[in-house]
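1. Only the shape, not the letters, is given here:
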Ligand SMILES: [Zn+2]
């Protein structure tokens, strides 16, 4: 189950990398899904599904 909480989570539209916002570290950290860190592709120029303001993009 992945809860969609826009300000706390971002996903790359190119490679599928998923980050979650760490309150403790005050930075984005790689999220886990099914026990696997969602790193995406190493050389991807990540295109996040959020850009400052929340802008939902239907798939
Ligand atoms: Zn990416």
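-> Cool, got the structure. This is a predicted model, so every value here is computed, not measured.

2. Can you pull the residues of this structure lying near the ion?
-> Contact residues (Cβ under 5 Å from the ion) of the chain with the ion: 12, 14-15, 17, 40, 44, 46. Glycine gets a C-beta too; all of them are placed from N, C-alpha and C.

3. Need the buried ones from those residues selected in ChimeraX.
-> Buried residues within the residues of the chain next to the ion, by 16 or more other Cβ atoms under 10 Å, are selected in ChimeraX with:
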select :12,15,17,40,46
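
4. Please convert the residues of the chain next to the ion to CSV, extending it with secondary structure and pLDDT.
-> Formatted as CSV, the residues of the chain next to the ion follow (DSSP: H, G, I helix; E, B strand; the rest coil; pLDDT from 0 to 100):
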residue, secondary structure, pLDDT
12, strand, 94
14, coil, 95
15, coil, 96
17, coil, 95
40, coil, 95
44, coil, 96
46, coil, 94
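
5. and of the residues of the chain next to the ion, the nearest to residue 25?
-> residue 17 (17.4 Å; Cβ to Cβ).

6. Before we move on, what's the pLDDT of the residue of the chain positioned farthest from its centre?
-> Using Cα atoms, centre = their mean, the residue of the chain lying farthest from its centre is residue 24. It sits 17.0 Å away. We have a pLDDT of 93 for residue 24.

7. Tell me the spacing between the residue nearest to residue 46 when sequence neighbours are not counted and residue 24.
-> The shortest distance from residue 46 to any non-neighbouring residue, by Cβ to Cβ, 6 or more residues apart in numbering, is to residue 12 (4.2 Å). Applying Cβ to Cβ, to the nearest Å, the value for residue 12 to residue 24 is 23 Å.

8. What of residue 39?
-> 21 Å.

9. cool, and residue 32?
-> 16 Å.

10. Who are the contact partners of the residue nearest to residue 46?
-> 18, 40, 44, 46-49 (Cβ atoms under 8 Å, 6 or more residues apart in numbering).
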